[in-house]
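> Any chance you can model this:
(one chain, ligands or ions: 1)
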Amino acid sequence: MTNRYYITTPIYYVNDKPHLGHAYTSVACDAIARYMRLDGREVKFLTGTDEHGQKVEKSAKNAGIPPQAFVDEVSEHFREMGQVLQLTNDDFIRTTEVRHRDAAQAMWKRLEAAGDIYLGSYAGWYATRDEAFYQESELVDGKAPTGAEVEWVEEPSYFFRLSKYTQPLLDFYAANPDFILPESRRNEVLSFVKGGLKDLSISRTTFEWGVPVPGDSKHIMYVWLDALTNYFTASDGFWPADLHMVGKDILRFHAVYWPAFLMSAKMELPKRIFAHGWWTIEGEKMSKSIGNVVAPAHLVEKYGLDQTRYFLLREVPFGSDGNFSRRAMFDRINADLANNIGNLAQRTLSMLAKNCGEAVPMRDDSKLLEQDKVLMDLVQVTDVEGAAKARDQMERCKFAEVIGAVLSMASAANEYIDREAPWTLKKTDPARMHTVLYHLAEAIRCIAIMLQPFTPDAASKLLDQLAVPQDRRMFCHLTPEFALVPGTALPKPEGVFPRLMADAA
Ligand code: MSP
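Numbering: from 1, shown residues only. Below is the predicted model of the structure:
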């Protein structure tokens, strides 16, 4: 394992405002980026906007604004989405930046130097919505398989010798079985490539909004060649990427075209591509015509940031499709966050404030019971490598599993508090009450450290309430060596994860 970790979101088209789908990809990457930092890795987390191509050009035209002014404005909405979701990206790339235009042209020259570009002419179907070429045989009822409208395009075009990479790609997938996840998606890609790849049209002449082809500025680079290169443009010494996170709709571009371009350019390939599923809204496809497009800022305002992030990552196994409903959101927040973690924190912290002089209680180590040790064994790690299982799950985007493990720790702590009943011990055995509350506080410390990637605000509030210093909040601090120190003064408790009332659903 190298100590560096480079993760990317897709760069978002600026034809439209950010919605739940964009937030989903970004939040997933943010959780991984935060996790890797807490695990002591040097992280580069990149996001940004995809600003060229026919689709964006058309949107600007419809809005009656020159393309540059249009993309400046819409790109800003994506930056704002990042602030609303508290994304911790280290960079935000825009493909209209000079650094990117230069990198895209340099990429073109590398493919050219490899002898993989030739001039020809394209005659076939193109879907502007997908920015993709389709074979006649792929069309369904005269439309793209995605449902996008297609138009017939006939123009001079440069081609990339994609066909040449059919076998090298298959060899690469075979040698790197975890390159494409989840497995079901990997199989789709494999059968697509096994069917044989055709050379790919990589320039257009019928519009202007893009990166000019070096040496032939009548041609504009195909927007996907331009866009994919962003991951390299902004890599800042972190190349190759450890993970490109993408939605299932754009897997082919990332798992077939991009590796082929990189092979041709004689550059290293990314380590992994993960394709996540799509959300429907209350059972329906999200679309402007239905009028059910969910704005991330709206969810954050209504349910809270942590709650929104938590729901997206916990509700469905990552990789599967999901359905967003107010009911599911409501139930999930109350069951997992309010009733489990919130309740544990509330009961423990208020007892600490009332009965332990607003300080971490003393524990009597000579009288530890088996159940105390069991709880500690569950929440603490004995050495940093103890976090290895979760680390592997995180690298494979198994968010629901990682979160599930933390929740079962909170359930165990809730069972412990019920069984030990510190409120009764208060009268019968105050020393034991202190010991019990100590273990509960320590359990919350560990749980809060582990929750940080998913619910960063509430986790840091919990750690503040336990007076855990800022520089002791990483996974390496989950060991007993960094356990709470009895006698440490604690601030006033405040609730985290309030219960949602029925009318909020
Ligand atoms: N610009 C390209 C990506 C270029 S990367 C070199 C693009 N942009 S996009 O804005 O259309 O989509 C970005 C991401 O949002 C994709 O990963 C897509 O899967 C995701 N989603 C869009 N709608 C979605 C849902 N309804 N649900 C989940 N994710 C969805 O594609």
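> tell me the domain boundaries of the protein?
Domain ranges of the chain: 4-276, 326-504, per automatic domain parsing.
> by contact count, what packs against the lowest-mean-pLDDT helix or strand in the chain?
Lowest by mean pLDDT, DSSP states H and E among the helices and strands of the chain is helix 388-395, with a mean of 87. The contact analysis (3 or more CB pairs under 8 Å, 6 or more residues apart in numbering; DSSP states H and E) places helix 388-395 against helix 20-38, helix 399-420. Quick note: C-beta positions are derived from backbone N, CA and C, even for glycine.
> So which bits of it are buried?
Applying a neighbour-count criterion of 16 or more other CB atoms under 10 Å, one finds A390, R391, Q393, M394, E395 buried in helix 388-395.
> Need the CA coordinates for it. CSV is fine.
Output in CSV follows, covering the C-alpha atoms of helix 388-395 (Å, rounded to 0.1, in the frame of the first residue of the first chain):
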residue,chain,number,x,y,z
ALA,A,388,-7.7,-3.3,8.0
LYS,A,389,-11.0,-4.9,7.3
ALA,A,390,-12.9,-1.6,7.1
ARG,A,391,-10.0,-0.2,5.0
ASP,A,392,-10.4,-2.9,2.4
GLN,A,393,-14.2,-2.5,2.4
MET,A,394,-13.8,1.3,1.9
GLU,A,395,-11.4,0.8,-1.0
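> you'd agree L440 is up against A413?
Yes: using CB atoms under 8 Å, L440 makes contact with A413 at a distance of 6.1 Å.
> okay, and the common contacts of the two?
Common contacts of L440 and A413, defined by CB atoms under 8 Å, 6 or more residues apart in numbering, comprise L344.
> The stretch 151-300 of the chain: helices as residue ranges?
With DSSP state H, counting those that start in this stretch, the ranges of helices along the stretch 151-300 of the chain come out as 166-175, 183-194, 223-228, 230-233, 251-252, 258-264, 296-303.
> Centre of the chain to the fifth one, how far?
In this view, helix 251-252 has its centroid 17 Å away from the chain centroid, taken as CA atoms, centre = their mean, to the nearest Å.
> Residues contacting it, please?
I180, R185, E188, V189, F192, I273, A275.
> check contacts around the third one.
Residues near E188 by CB under 8 Å, 6+ apart: L251.
> rewinding a little: next, give me the two most distant ones among the contacts of helix 251-252.
F192 and I273 (13.7 Å; CB to CB).
> Looking at the two, which is more packed in?
When F192 and I273 are compared for neighbours, I273 comes out ahead with 25 against 14, by other CB atoms under 10 Å.
> show me what contacts whatever residue of the stretch 101-250 of the chain ends up closest to the ligand?
Residue nearest to the ligand within the stretch 101-250 of the chain: G247 (1.5 Å; CB to the nearest ligand atom). Residues in contact with G247, defined by CB under 8 Å, 6+ apart, are P10, G21, T25, A275, H276, G277, W278.
> Which pLDDT does the model give the nearest residue to the third one once chain neighbours are set aside?
Read that as T25. Leaving aside its chain neighbours, T25 sits nearest to T9 (5.1 Å; criterion: CB to CB, 6 or more residues apart in numbering). Looking at T9, its pLDDT reads 98.
> and T9, what does it touch?
T25, S26, C29, L46, T47, G48, N89, M245.
> returning to that earlier point: please tabulate the contacts of G247 in CSV, including the columns neighbour count and distance to H434.
Shown next, in CSV, are the contacts of G247 (neighbours: other CB atoms under 10 Å; distance: CB to CB, whole Å):
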residue, neighbour count, distance to H434
P10, 24, 52
G21, 18, 50
T25, 20, 47
A275, 25, 51
H276, 24, 46
G277, 17, 48
W278, 16, 51
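> closest to the ligand among those?
Among the contacts of G247, and counting by CB to the nearest ligand atom, the member closest to the ligand is G21, at 2.3 Å.
> Against T428, how distant is the closest residue in space to that closest one that isn't next to it in sequence?
Excluding the flanking residues, the one nearest G21 by CB to CB, 6+ apart is W279, at 6.3 Å. The gap separating W279 from T428 is 52 Å, by CB to CB, to the nearest Å.
> Same question for F399.
On the measure of CB to CB, F399 and T428 end up 43 Å apart.
> Walking through the stretch 201-350 of the chain, point out its strands one by one.
Using DSSP state E, counting those that start in this stretch, the strands of the stretch 201-350 of the chain run over residues 203-204, 212-213, 216-221, 243-247, 273-276, 279-281, 284-285, 322-324.
> Just send those strands back as a markdown table, with mean pLDDT too.
Shown next, in a markdown table, are the strands of the stretch 201-350 of the chain (pLDDT from 0 to 100):
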| stretch | mean pLDDT |
| --- | --- |
| strand 203-204 | 96 |
| strand 212-213 | 98 |
| strand 216-221 | 97 |
| strand 243-247 | 98 |
| strand 273-276 | 98 |
| strand 279-281 | 95 |
| strand 284-285 | 92 |
| strand 322-324 | 95 |
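> To D383, which of those lies closest?
With CB to CB as the criterion, D383 lies closest to strand 243-247 of those, at 26.0 Å.
> Grab the CA positions of that closest one and hand them over as PDB.
Listed next in PDB are the C-alpha coordinates belonging to strand 243-247 (Å, rounded to 0.1, in the frame of the first residue of the first chain):
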ATOM      1  CA  LEU A 243     -10.200   5.300  -7.900                       C
ATOM      2  CA  HIS A 244     -12.400   6.900 -10.600                       C
ATOM      3  CA  MET A 245     -15.900   7.000  -9.200                       C
ATOM      4  CA  VAL A 246     -18.600   7.100 -11.900                       C
ATOM      5  CA  GLY A 247     -22.200   6.400 -12.500                       C
END
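> Next, the angle helix 388-395 makes with it.
50 degrees (axes from the mean of the first three to the mean of the last three CA atoms, to 10 degrees).
> How about strand 243-247, which residues are buried there?
Neighbour-count burial for strand 243-247 [16+ other CB under 10 Å]: L243, H244, M245, V246, G247.
> Quick check: closest non-adjacent residue to the third one.
The shortest distance from M245 to any residue that is not its chain neighbour, by CB to CB, 6+ apart, is 5.0 Å, and that residue is C29.
> Nothing else from me, thank you.
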